[in-house]
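Novice: sequence first, predicted coordinates after that:
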Amino acid sequence: MSTSAVPRIAAPLVLAAALLLSFRLQSAPPPIELQPGEPPPPSADSTRAALARALAPGAPGFDRGAAHAPVTVLEFADFGCPYCALFAGRTYPALAAEFVKTGLVRWRYVPFVLGIFTNGDEAARAAACAGEQGAAAFGRMHDRLFDEQDVWKAVPDPAAMFRGFARAAGLNDARFAACYASAEPAQRTLAANALADALGVRATPTFFVNGRRIEGALPADEFRAVLLEALGTRANP
């Protein structure tokens, strides 16, 4: 099943390009948002129920960190989103070292598809098939997809490129190819997109930190402050 059948969040490509050009390392870039006229956000009760579903066993997404960490971060991102790539490459590693690897934060990454980035649905397919071979395999594919974002977005059909990424990451080639050709990855994207809709995700990237919505690729210091607040501590002056 093609993910083109999924109701997708739409935003102008021209806006995305303009925002990317205005990005500065010392400030958070504004998120890529929905166009005016989209449905209103869900109620607080609906959001709480959707968050519970999002964090339940078997829900879409891939976990990093301790399952029973005191703080949970739920991240919704599109592999084709330039700000998601910036966050993944420049911000997340610092946060992971301090909070995720030390057992303080459980980080669940949910790849979904906005529908505005070339080959974004195929990138989500590749990530899902890597995830079938374990969390570490997903992590390596996640990093490669963001590192090579400009490359795979520029080709008509990235399937062979993604298979090469999988081989370079040490994945089982035959298993990856069989998954990529199946309907299973599209079903996962359908589930992730439905969950994003239920939570009223209106921008990429969007995070829920113990339920608190954070939109946009915050710099490491700002996101660190959010995590420290969630942990009940205060940043050093």
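Specialist: Arrived safely.
Novice: tell me who's in contact with the spatially closest residue to A59 that is not a sequence neighbour.
Specialist: Using CB to CB, 6 or more residues apart in numbering and skipping residues adjacent in sequence, the residue nearest A59 is R53, 6.1 Å away. Yep, even glycine has a C-beta here, placed from its N, CA and C like the rest. Each residue near R53 by CB atoms under 8 Å, 6 or more residues apart in numbering is listed here: A59, L195, A198.
Novice: kindly report the same for A124.
Specialist: T3, D78, F79, P111, F112, V113, P185, R188, T189, A192.
Novice: per-residue pLDDT, it?
Specialist: For A124, the model assigns a pLDDT of 97.
Novice: what's the answer for R202, then?
Specialist: Here, the pLDDT recorded for R202 equals 82.
Novice: not counting sequence-adjacent ones, nearest residue to the residue nearest to the spatial centre of the chain?
Specialist: Against the mean C-alpha coordinate of the chain, by CA atoms, centre = their mean, the closest residue is A77 at 2.7 Å. Ranked by CB to CB, 6+ apart and with sequence neighbours excluded, the top spatial neighbour of A77 is C84, at 3.9 Å.
Novice: report the contact partners of that neighbour.
Specialist: Here C84 is in contact with A77, D78, F146, T204, P205, A217 (CB under 8 Å, 6+ apart).
Novice: any idea which of these is least confident?
Specialist: T204 (90).
Novice: burial of that one, as a residue count?
Specialist: Using other CB atoms under 10 Å, T204 is surrounded by 29 other residues.
Novice: that one reaches Y83, doesn't it?
Specialist: Yes. Here T204 reaches Y83: they are 6.6 Å apart, a contact under CB atoms under 8 Å.
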